[in-house]
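A.B. asks: Below: sequence and its predicted model.
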Amino acid sequence: MPQESDFRLTESDIPKPAGGEVLVQNLYLSVDPYVRSRLTGVTTYARGLELGEVIVGGVVGRVAESSDPRLAPGDIVEGMLGWQEYAVASAKRLRKLNPEEAPISTALYVLGMPGLTAYFGLLDICRPQPAETVLVSGAAGAVGSIVGQIARIKRCRSIGIAGSDEKVRYLVNELGFDGAFNYRETDDYDSKIRELCPNGVDVYFDNVGGPITDAVMRRIATRARVAVCGQSSEYNSPDGPGTGPRWLSQLVVRQAKVEGFLVTQFVDRYDTALQQLSNWLRDGKLIYREDVVEGLENAPRAFIRMLEGQSNGKQLVKIAD
């Protein structure tokens, strides 16, 4: 698990934008689980970060200076601008936001990468059908909370797995999940899954892996679909992935499908998905909660809180007003 002492805050001159670039004053920073794997320095689906490099992260900010006619000072934009107060970026790599449509911070959550991940992971990879049971691990997190709500919109039974009783109440009482359980308070995952999913699990959206997924795979239904979005239980393991029960035989018996995905594979359809997510948000069909920490200097603390499961809703850092 990272420690606050692993991070260094440095100061430098504010850069100047060249042709086709803009200078952005960062307002909100998203801290996300995928960043943990990049801090190892090992390249997987994305390049590992070197020591001393600015940490990657999604940001909403305000254009301060522009050398591109597509963006003007004062415009609100979203992009991968990193853990810093100011950033220079190519204008064509930024998404211009309309602050009148929704709070700008939603571009880092329900109307941003987590929302898109939930949308495509559930609807394209798993294709849920009415009355099916959709089980989500990490259900109170940024992605999982949206997955469960979209499942309800599609008239499925939505069941969540989370890490505290408060989060369980949030899932059921506020987000409309049909049931949920606190994995930290039970030693028998199988019994809880059997209780909440008596007819088996038709769709499993996996954010955590590990023993929870081992238990779920024993309860999948015939022709189940499993979307592997993340494996957060392994991100801070000093020994790497552990060896758990071997459930591949279940895929044969249940004629099931397991598929990993990256949200970037759907980039050509982002606009359509964002419009649908925006409609659901406007109509009150999607509810969200943000956990906001003030000050860039507290980004490491916010990051560690998120990894430890202490955050309640989408973890953000407010850098400036």
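C.D. replies: In hand now; what should we look at? Remember, predicted model here, so these are calculated numbers, not experimental data. Residues are numbered from 1 along each chain as shown.

A.B. asks: now the strands for this protein?
C.D. replies: For the chain, the strands defined by DSSP state E cover 21-30, 58-66, 76-80, 86-90, 95-96, 133-137, 157-162, 179-182, 201-206, 220-228, 257-260, 290-294, 314-318.

A.B. asks: Can you give me the neighbour number for the closest residue to Gln84 other than its chain neighbours?
C.D. replies: Nearest non-adjacent residue to Gln84, counting by C-beta to C-beta, 6 or more residues apart in numbering: Val54, 5.6 Å away. Using the backbone N, CA and C atoms, a C-beta is placed for each residue, glycine as well. Neighbourhood size, Val54 [other C-beta atoms under 10 Å]: 13.

A.B. asks: so where is the stretch 1-150 of the chain shaky, pLDDT-wise?
C.D. replies: Applying pLDDT under 70 to the stretch 1-150 of the chain picks out no residues at all.

A.B. asks: Among the strands of the chain, which comes closest to Leu274?
C.D. replies: Leu274 lies closest to strand 95-96 among the strands of the chain, at 9.0 Å (C-beta to C-beta).

A.B. asks: what sits up against that closest one?
C.D. replies: With contact meaning C-beta atoms under 8 Å, 6 or more residues apart in numbering, strand 95-96 is reached by 70-71, 75-79, 107.

A.B. asks: Ala151 contacts Gly160, correct?
C.D. replies: No: assessed by C-beta atoms under 8 Å, Ala151 is found out of contact with Gly160, at 9.8 Å.

A.B. asks: hey, what's in contact with both of the two?
C.D. replies: Here Ala151 and Gly160 have Val136 as joint contacts, going by C-beta under 8 Å, 6+ apart.

A.B. asks: Could you chop the chain up by domain?
C.D. replies: Domain ranges of the chain: 4-108+289-318, 113-264, per automatic domain parsing.

A.B. asks: For Ser278, which of these is the nearest?
C.D. replies: domain 4-108+289-318 (6.6 Å).

A.B. asks: how far is the closest one from where the chain is centred?
C.D. replies: Averaging C-alpha positions (C-alpha atoms, centre = their mean, to the nearest Å) puts domain 4-108+289-318 15 Å from its chain's average.

A.B. asks: Between its first and last residues, how far does it reach?
C.D. replies: Across its full length, domain 4-108+289-318 reaches 18 Å end to end, with C-alpha to C-alpha, to the nearest Å as the criterion.

A.B. asks: do the same with stretch 39-52
C.D. replies: With C-alpha to C-alpha as the measure, stretch 39-52 spans 11 Å from end to end.

A.B. asks: same question, stretch 163-178
C.D. replies: End-to-end distance of stretch 163-178 (C-alpha to C-alpha): 17 Å.

A.B. asks: Can you list the buried residues in it?
C.D. replies: Within stretch 163-178, the residues that count as buried by 16 or more other C-beta atoms under 10 Å are 163-164, 167-168, 170-172, 175, 177-178.
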